[in-house]
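Asker: Have a look at this fold, sequence not included:
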């Protein structure tokens, strides 16, 4: 089992203490550091800024939203950061959901799995420094010449098939997919180099890994070997003497994702948690959250749900809880934790050494 640090996305501004936590992760020999984006801060800028003070950890986006950039622009950012970091870039991609995609990016959220497949194909063409040509449902590169009845906003037809001016540092940059629904998880196993689950419960490992195995069975020989496939799960960690007090630090995070990170009837995070056996809890939390009763929504999160997807309690309890993850499909635990928590974990004999 490897360990990493997930810094998340910003709320009102740059979160205090993250730069120090990133440096601590590098000093402790953690495997990776990851950043995220929603509809405020982006994923690439903090990763490059904080990553510049590191020398060992891999630098990953968890996740860069695919509707935020074209595939070629995404590949450009990844190529650039891979060079600047000496080959430490991991490109984590995600589709987000209809609220953000249509409300923030102004694009229709349709057939996200098919679009993801095309997106990844084009990113890989760029990284391989191929002349990019693609005739897909969602992406056409170059854009075709307009027909005789084309309107005033039709393409000129002057586009050229181009390859990157930059020679990639590596022939491949690892691509991980954030996935929650079974079909999306299977797609990650089929076409990606890793899966980024957000809510993973070790007690349901057999059920959660089943769609991944389905996708891995369809894997092409041209992709990296399945034994190198990574599963990097985000795991909130809070160390307190009182377990309920520790859980209270995680409950607002869960309430936000279950209740507010998606429209009613189209919240993928809610469905992911519901599949863990918490359908009634999710329905209650969403109702309270959408009614503006956010504190009550957080209070409705039971301790057992927190313990399913996070590690909370004393240092001894947290370290003991990690044993349940060892036999799962997860290869890397991405700690959602501050510098003080990392220091505490480092004090546990043999854990991070």
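Answerer: Perfect, thanks for sending it. No experiment lies behind these values; they were computed from the predicted model shown.
Asker: Surely residue 146 touches residue 157?
Answerer: Yes: counting by CB atoms under 8 Å, residue 146 touches residue 157, with 5.8 Å between them. Any C-beta I mention is one placed from the backbone N, CA and C, and that applies to glycine too.
Asker: Point out where the chain drops to low pLDDT.
Answerer: 221-223, 353 (pLDDT under 70).
Asker: Next, the spatially most central residue of the chain: phi, psi?
Answerer: By CA atoms, centre = their mean, the chain has its centre lying nearest to residue 62, at 3.1 Å. For residue 62, the backbone dihedrals are phi -140, psi 70 (criterion: degrees, to the nearest 10).
Asker: what's in contact with the longest helix anywhere in the chain?
Answerer: Longest helix of the chain, by residue count under DSSP state H: helix 112-127. Helix 112-127 is contacted by residues 66, 71-72, 74-76, 78-79, 91, 93, 95, 132-134, 136-139, 141, 163-164, 168, 170-173, 175, 177, 183-184, 187, 191-192 when judged by CB atoms under 8 Å, 6 or more residues apart in numbering.
Asker: Give me the PyMOL select line for the residues you listed, limited to the buried ones.
Answerer: To isolate the buried ones among those in PyMOL, judged by 16 or more other CB atoms under 10 Å, type:
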select buried, resi 66+71+72+74+75+76+78+79+91+93+95+132+134+138+139+141+164+168+173+175+177+184+187+191+192
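Asker: any chance you could map the strands in this protein?
Answerer: 2-6, 32-35, 58-61, 64-65, 89-94, 134-135, 140-141, 175-178, 194-196, 230-239, 311-313, 332-336 (DSSP state E).
Asker: looking at the ones you listed, which is closest to residue 13?
Answerer: Nearest of the strands of the chain to residue 13, taken as CB to CB: strand 32-35 at 14.8 Å.
Asker: quick one, the longest helix of the chain and strand 89-94 angle?
Answerer: 160 degrees (axes from the mean of the first three to the mean of the last three CA atoms, to 10 degrees).
Asker: how about helix 112-127: buried residues?
Answerer: 112, 115-120, 122-127.
Asker: can you put these in JSON lines and add distance to residue 14?
Answerer: Converted to JSON lines, these look like this (distance: CB to CB, whole Å):
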{"residue": "112", "distance to residue 14": "30"}
{"residue": "115", "distance to residue 14": "32"}
{"residue": "116", "distance to residue 14": "30"}
{"residue": "117", "distance to residue 14": "35"}
{"residue": "118", "distance to residue 14": "34"}
{"residue": "119", "distance to residue 14": "29"}
{"residue": "120", "distance to residue 14": "31"}
{"residue": "122", "distance to residue 14": "32"}
{"residue": "123", "distance to residue 14": "28"}
{"residue": "124", "distance to residue 14": "33"}
{"residue": "125", "distance to residue 14": "35"}
{"residue": "126", "distance to residue 14": "30"}
{"residue": "127", "distance to residue 14": "30"}
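Asker: Going by distance to residue 225, which of the residues you listed wins?
Answerer: Nearest to residue 225 among the buried residues of helix 112-127 is residue 124, at 16.5 Å by CB to CB.
Asker: And the closest one, how close does it get to residue 159?
Answerer: Taking CB to CB, to the nearest Å as the measure, residue 124 falls 20 Å from residue 159.
Asker: Repeat that for residue 211.
Answerer: From residue 211 to residue 159 the distance is 38 Å (CB to CB).
Asker: the more surrounded of these two?
Answerer: For residue 211 versus residue 159, the count of surrounding residues by other CB atoms under 10 Å is larger for residue 211: 20 against 13.
Asker: Let me know the distance separating that one from residue 108.
Answerer: 26 Å.
Asker: Could you count how many residues lie near residue 258?
Answerer: By other CB under 10 Å, the burial measure for residue 258, its neighbour count, is 31.
Asker: Make residue 1 into 778 and carry on from there
Answerer: With 778 as the first residue, the last one maps to residue 1035.
Asker: From what I see, it and residue 1061 are in contact.
Answerer: No: look at residue 1035 against residue 1061 with CB under 8 Å: they stay out of range, at 9.4 Å.
Asker: shared neighbours of those two, anything?
Answerer: If you check residue 1035 and residue 1061 against CB under 8 Å, 6+ apart, no residue is contacted by both.
Asker: Which residue ranges of the stretch 978-1127 of the chain form helices?
Answerer: 982-994, 1020-1025, 1028-1032, 1045-1051, 1056-1067, 1071-1076, 1080-1086, 1092-1098, 1116-1123 (DSSP state H, counting those that start in this stretch).
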